[in-house]
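Asks: just coords:
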């Protein structure tokens, strides 16, 4: 078994190829050079016969091969033959390497199709049954690894979704009871306690909804979506939060552009970005929303005058549960932007974050029109 694996290994195939090609190159080079040497010898003898056509006695002619080999023609011929043989040998060797590594390219292509959020992409096995033993073993190991990773990922995702489902009902009941109790009780101290309790429950409810949405597989339903109308609806839904912070929000409309995309997912994506710019803005701050038509793409910029994000933190803000600092910790859970990134990937969109000088942040959402 070990001998069979060795004979199928890349090392054995490459060594065998190098040896065979090297021997063939030396053989062909020597053969071509000897042929040229014999040809030059024959030409020299023919010339000698022409010089002494009437000489009847026997003549012994000695041909010095070293003299022939030192001639310019012979050197040029030897150089050309050597270069041609090396080029042909290199070409053959590159073809052999391509043939040997072809299964590796197939494995790379299969790996590229995998999407952790789409279970159907795991149905196709990554096993390579034919090819070098190292590539076959690599594909088998990688296939087993991905199967274990997906099982753990799915178990954790299902666990978070199940826990969120279980918490949903008791939180809703508690919130309703607090609401009823706050209407009956007029004591200022108790009322203040109930208000804080209601805010905490509302925050917990939003966390549960975010976890459920994050753990849900995003199914794309394509339809024509008016970007202007979608953003206006989002601004209307966030009106209370905008007023509470006395924020000036300016929507700089462009011509009404319709995209073929998922209405619900894009609405959630833009809602989270705009809500984020409200949460982490300063009291009496400003938000500007721009739409830019970039031929085959559409760019939506949400620019705020908030607390800003450092360059180091920009690389982490889309990580799940990551929060920039304590001021942000009071406002959210670190799920919103991670959910934005997940939705953007589903829509084949791109999110970029930059500074809004002198203060604040700029979130740019770049969508393909088709």
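Replies: Looks like it came in fine. Note that this is a predicted model, so its numbers are computed, not measured.

Asks: distance of residue 264 from residue 39?
Replies: 82 Å (Cβ to Cβ, to the nearest Å). C-betas here are computed from N, CA, C, even on glycine.

Asks: the more surrounded of these two?
Replies: Neighbours were counted for residue 264 and for residue 39 using other Cβ atoms under 10 Å; residue 264 has more, 15 against 11.

Asks: so the more buried one makes contact with residue 223?
Replies: No: judged on Cβ atoms under 8 Å, residue 264 makes no contact with residue 223 at a distance of 9.5 Å.

Asks: what pLDDT does the model give residue 330?
Replies: The score at residue 330 is 51. That number is its pLDDT.

Asks: kindly report the same for residue 45.
Replies: 67.

Asks: could you pull out the helices for the stretch 251-370 of the chain?
Replies: 263-279, 311-314, 326-329, 336-346 (DSSP state H, counting those that start in this stretch).

Asks: looking at those, which is nearest to residue 143?
Replies: helix 336-346 (23.9 Å; Cβ to Cβ).

Asks: centre of the chain to that closest one, how far?
Replies: Offset of helix 336-346 from its chain centre (Cα atoms, centre = their mean, to the nearest Å): 15 Å.

Asks: which residue sits closest to residue 29, ignoring its sequence neighbours?
Replies: residue 85 (5.1 Å; Cβ to Cβ, 6 or more residues apart in numbering).

Asks: just residue 21 next, same as before
Replies: residue 89 (5.0 Å).

Asks: how about the contacts made by the one you found?
Replies: Applying Cβ atoms under 8 Å, 6 or more residues apart in numbering to residue 89 gives the contacts 21, 22, 24, 25.

Asks: columns secondary structure and pLDDT on top of those residues, output as TSV?
Replies: Shown next, in TSV, are the contacts of residue 89 (DSSP: H, G, I helix; E, B strand; the rest coil; pLDDT from 0 to 100):
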residue	secondary structure	pLDDT
21	helix	84
22	helix	85
24	helix	85
25	helix	85
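
Asks: for the residues you listed, which one is nearest residue 270?
Replies: Out of these, the member with the shortest distance to residue 270 (by Cβ to Cβ) is residue 21, at 60.6 Å.

Asks: do I have it right that the closest one meets residue 91?
Replies: No: Residue 21 is beyond contact range of residue 91, at 10.1 Å (criterion: Cβ under 8 Å).

Asks: can you give me the pLDDT of the closest residue to residue 132 other than its chain neighbours?
Replies: Nearest non-adjacent residue to residue 132, counting by Cβ to Cβ, 6+ apart: residue 10, 4.5 Å away. With respect to pLDDT, residue 10 scores 74.

Asks: what residues of stretch 136-154 count as buried?
Replies: 136, 138, 139, 142, 143, 146 (16 or more other Cβ atoms under 10 Å).

Asks: is residue 225 in a helix, a strand, or coil?
Replies: strand (DSSP: H, G, I helix; E, B strand; the rest coil).

Asks: quick check, pLDDT for it.
Replies: Taking residue 225 on its own, its pLDDT is 89.

Asks: who's in contact with it?
Replies: Contacts of residue 225 by Cβ under 8 Å, 6+ apart are 258, 259, 260, 261, 262, 263, 266.

Asks: if we use 7 Å, what do you get?
Replies: 258, 259, 261, 263, 266 (Cβ atoms under 7 Å, 6 or more residues apart in numbering).

Asks: next one: the fourth one from residue 345, what distance?
Replies: Per Cβ to Cβ, residue 263 is found 18 Å from residue 345.

Asks: ramachandran angles for residue 305?
Replies: phi -110, psi 40 (degrees, to the nearest 10).

Asks: is it in contact with residue 280, as I believe?
Replies: No: using Cβ atoms under 7 Å as the test, residue 305 is too far from residue 280 to be in contact (10.3 Å).
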